[in-house]
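# Provided below are the primary sequence and the corresponding predicted coordinates.
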Amino acid sequence: MGLVVRESFYNILSTLFAIGIGALNTVVFFPLVVGVQSYGILMILLAQSNILQPIFSFGLQNAVIKFFSAAPSREEQDKLLLFSLIFPLLIIVLSAFLFFGHYTAITDYLSSKNEGLADFIYLIFVIAVSTAYFEIFFSWARVQKKTVVGNFMKEVYQRVLISGLLLGYFLEWYSFTGFIHALIVGYYIRLAIMVGYSLWLYRPKIYFSLPSNHSSLLLYMLLIFLSAFGASVIIDIDASMLGKLVEEKYVAYYKVGVFIAALIDAPLRALQQIISPLVAEAINNNHSHKLKDLLRKSSVNLLLVSGLFFVLINANIDDLYGFIYLLNGKEGFSLAIPVVLYFSMTKLFTAATGCVNNIITNSKYYYVVPFFSMGSAVAVVVLNLQLIEELGFVGAAVSTFLVITLFNLLKVLFVWYRFRILPFNKEVLYLFGVILLSYGAFSFLHFPFPILVNLVLKCLLIGVSYLGLCYVLGLSLQVNAFIDQGIKKLRSFIG
C-alpha cells in the first residue's frame, strides 16, 4: 500500500485545502460579493452542466483505466488513448446542433422558475465540454500512477480560480456576466494544463485504426455512460430540481450544507484517484488476494479518516453555522443543519464500503453498474418529488440518504456474491462504535467561550481522543504506522 498511501496522502492534503478555499467562497465571498440569489443561479447552472458532462465523455475516462492495463501492446494502448479523444468530439458536435438549435426552448424551460438563469444557459454546454475532456486526460495520468497534479487541478485550481474572479468582481472590474465569461476561460485553461501534463507523462503514437477490442470497448462505454449519467443525476439533480421548486436562496442554503458535509468525502475522493487503476490491474491479472486486500484496507482506512471528519463536523455544527453567520452576516444558512447530518451519514456509509464501486466497474460484471446507477437516479427523482413537497429543501437530503445507503448495500452484497469478499470486518464494526461514542460525547459538550475558541478547542479534543482510541485499539495498521512515523519525526525534531 506504499503507492496508495503516498498518492492518497498528497491528494487528501490538496482536497482538504480545496475544501478550505471552497468554504470561504461558499459561506463568505459568494454571499457578500454576488449575493445569495446569484450564487444560487451559478450553482444551478453548474449542477446542470455536471449532468450533461457524462454524455460528452461517454464513459471513456473509466474505459481508459479498465482497458489500458489489459491492452496486449503499446500500440493497442495508444489506439485506446486516441480513440478516447475522437469519440467524444463526435458526440459534442452532434449535441451542439441539438442544444443551440433548440436554445430558446431549453432556456424557457430551465428558467421558468428562476428568470435569472435565462442569460447564462450557454454555460451549461461549454463547461460540460471542458470538464469532459479534463476527466479523459486525467485518466491518462491515472493509468501512469500519477494522480497528484490532476487531483490538484480538479480540486484546488477551480476554487482558487473562483476566489480570484470574486475578488475582481468585488473590485468592479467586470459585471456578473463578465464573471461568467472569465469562469469559462478559467475552466479551459485548466483543461490546457491537464492536456500538457498528460502528454508529458505519456505521448501516444498516432494510428489510423480502431482498437482491436473496439466492440467490447463500445459496450463498456455505453454501460458506464449510463452509470455515470445516473451518478451525476444523483449528485446534481437536487440543485436542479430545487431550482424549479424553491427560491434561489434555499438552493444556496442547501449547497452550503452539502459543501460542509463534503469534507467527509475528501478521503474517498483522494483514494479513488489512485486505487481505481490498481483495482483494474488486480482484476486483469487475476490477483484475488490483492483485490481482497485492497477492499479491506480501503474500507477500514476510509472509514477511520471519514469518521473523524464526521465527528468534527457534526459535533461542532452549531458553532460552525455561528461562525458562518459571523463571517457573512447572512441569516438562514443554519436552516440546512439537517442537510449536513443526512449527507454526513450518507458519506460515512459510502466510505465504509471501500473500493466496492471500483471492483464492479473494472470487473467483467460491469454490465450491472447502469442498473445500480439508473435505479438509484430514478429513485432519487421520485423521492425528491415527494419529500421536497413535504419537507422542503431538507427532503432532497433525506431522499439522497435513503437511496445511496440502500444501493451501496446492494453493491456490497453483489461483490460478496460474485467475488466472495466483503469490505466489512471486526475493525469496521469497532470503528462505527468509536464514531458513535465520539459523536455522542462531544455533541453535548459546550464551552462558554467565543465561537472560534470553541471550535479550535473541541476539534483538538476530538482529534486527540478519536485518533488515540483508534491507535490503542489498533484498528488500522497503516494509520498506526503513519502516527508512529509522525511521533518519531516530532521526537527527533525536539531533540
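Noted; the coordinates are in hand. Numbers count the residues shown, from 1 in each chain.
# tell me where the longest helix sits in this structure.
When the chain is parsed with DSSP state H, its longest helix is helix 248-284.
# ok and the next helix or strand after it relative to helix 248-284, angle-wise?
Per DSSP states H and E, the first helix or strand lying C-terminal to helix 248-284 is helix 288-314. Between helix 288-314 and helix 248-284, the angle comes out at 160 degrees (axes from the mean of the first three to the mean of the last three Cα atoms, to 10 degrees).
# next one: helix 288-314 to chain centre, how far?
Mean-position distance between helix 288-314 and its chain equals 16 Å (Cα atoms, centre = their mean, to the nearest Å).
# just checking, what packs against that helix?
On a contact count with 3 or more Cβ pairs under 8 Å, 6 or more residues apart in numbering; DSSP states H and E, helix 288-314 meets helix 248-284, helix 337-352, helix 356-361, helix 394-419, helix 426-443, helix 451-473, helix 477-494. Bear in mind the C-beta positions are built from the backbone N, C-alpha and C, glycine included.
# one more time with 7 Å, if that's ok
helix 248-284, helix 337-352, helix 356-361, helix 426-443, helix 451-473, helix 477-494 (3 or more Cβ pairs under 7 Å, 6 or more residues apart in numbering; DSSP states H and E).
# buried set for that helix?
291-292, 294-314 (16 or more other Cβ atoms under 10 Å).
# A252 contacts S38, correct?
No: applying Cβ atoms under 7 Å, one finds A252 not in contact with S38, separated by 9.2 Å.
# quick one, which of the two is more surrounded?
When A252 and S38 are compared for neighbours, A252 comes out ahead with 29 against 19, by other Cβ atoms under 10 Å.
# what separation is there between the more buried one and K292?
Distance, A252 to K292, using Cβ to Cβ, to the nearest Å: 44 Å.
# also N408?
19 Å.
# same check, this time on L42
Per Cβ to Cβ, L42 is found 44 Å from K292.
# what residues are up against the residue nearest the centre of the chain?
In the chain, the residue lying closest to the centroid (Cα atoms, centre = their mean) is R269, at 5.7 Å. Shown in contact with R269 (Cβ atoms under 7 Å, 6 or more residues apart in numbering): T15.
# need the pLDDT of it.
On the pLDDT scale, R269 is placed at 73.
# same thing with the one 5 residues further on?
pLDDT for I274: 70.
# what about it, distance to L341?
Per Cβ to Cβ, I274 is found 30 Å from L341.
# who has more neighbours out of the two?
A count of neighbours by other Cβ under 10 Å puts I274 above the other of I274 and L341, at 22 against 19.
# F371: neighbour count?
F371 - counted by other Cβ under 10 Å - has 16 other residues nearby.
# tell me the confidence at it?
Reading off the model, F371 has pLDDT 84.
# packing partners for the helix or strand harbouring it?
Per DSSP H and E: F371 is located in helix 369-391. With contacts defined as 3+ Cβ pairs under 7 Å, 6+ apart, the packing partners of helix 369-391 are helix 214-245, helix 394-419.
# I am finished for the moment; much appreciated.
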